[in-house]
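*Asks:* need a structure here:
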Amino acid sequence: MRWTMKIRGMSLGSHKVPTPEISDQYLGASILLPQGSTSVRGRVKSRMKDPDGNLFGRSDSNPIKDTHTYEVEFPGEEITEMTANAIAEAM
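*Replies:* Now for the predicted structure:
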């Protein structure tokens, strides 16, 4: 998604900006990843944030260019960090 922004009278043009979690298509998604000879089901729990609470990554309609980073929970309460493109491939 592209937005045209102005900050303090200065135009930033059409740049990608961090997108809110509310419209995030991956949150809550169930994914299936290979583990050895079996597959393990995980659930996308949340977007990764920096220490200041800012979301990591930028949205892009092309999943390969989407830089969102997520926390994915697997059985046994194991939480793994995954990128949007890896989640898209596992859906």
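*Asks:* drop to CA atoms for contacts and neighbour counts, all remaining ones
*Replies:* OK.
*Asks:* what's around Gly42, how many residues?
*Replies:* 22 (other CA atoms under 10 Å).
*Asks:* for Gln25, same thing?
*Replies:* 10.
*Asks:* contacts for the longest strand anywhere in the chain?
*Replies:* Scanning the chain for the longest strand, with DSSP state E as the assignment, gives strand 38-47. Contacts of strand 38-47 from elsewhere in the structure, counted by CA atoms under 8 Å, 6 or more residues apart in numbering, are 21, 26-34, 55-56, 68-75.
*Asks:* which one is the most centrally placed residue in the chain nearest to, not counting chain neighbours?
*Replies:* The geometric centre of the chain, computed from its C-alpha atoms, lies nearest to His68 (CA atoms, centre = their mean), at 3.3 Å. Leaving out its chain neighbours, the residue that sits closest to His68 by CA to CA, 6 or more residues apart in numbering is Gly57, at 4.1 Å.
*Asks:* what about the one you found, helix or strand, and which?
*Replies:* Under DSSP states H and E, no helix or strand contains Gly57.
*Asks:* check it and give its pLDDT.
*Replies:* Gly57 carries a pLDDT value of 82.
*Asks:* ranges for the strands of this structure?
*Replies:* Under DSSP E, the chain gives strands at 3-7, 10-15, 30-35, 38-47, 69-74, 78-83.
*Asks:* just to revisit the earlier point, next, count neighbours for the residue nearest to His68.
*Replies:* Neighbours around Gly57, by other CA under 10 Å: 20.
*Asks:* my guess is it contacts Asp66, does it?
*Replies:* Yes - with contact defined as CA atoms under 8 Å, Gly57 counts as touching Asp66 (7.3 Å).
*Asks:* and Pro63, how far is that from Thr69?
*Replies:* Separation of Pro63 from Thr69 (CA to CA, to the nearest Å): 12 Å.
*Asks:* neighbour count for the two, which is higher?
*Replies:* Shown here are Pro63 and Thr69; by other CA under 10 Å, Thr69 has more neighbours (21 against 16).
*Asks:* that one contacts Thr83, doesn't it?
*Replies:* Yes - between Thr69 and Thr83 there is a contact at 4.4 Å, judged by CA under 8 Å.
*Asks:* mutual contacts of the two, please.
*Replies:* Shared contacts of Thr69 and Thr83 (CA under 8 Å, 6+ apart): none.
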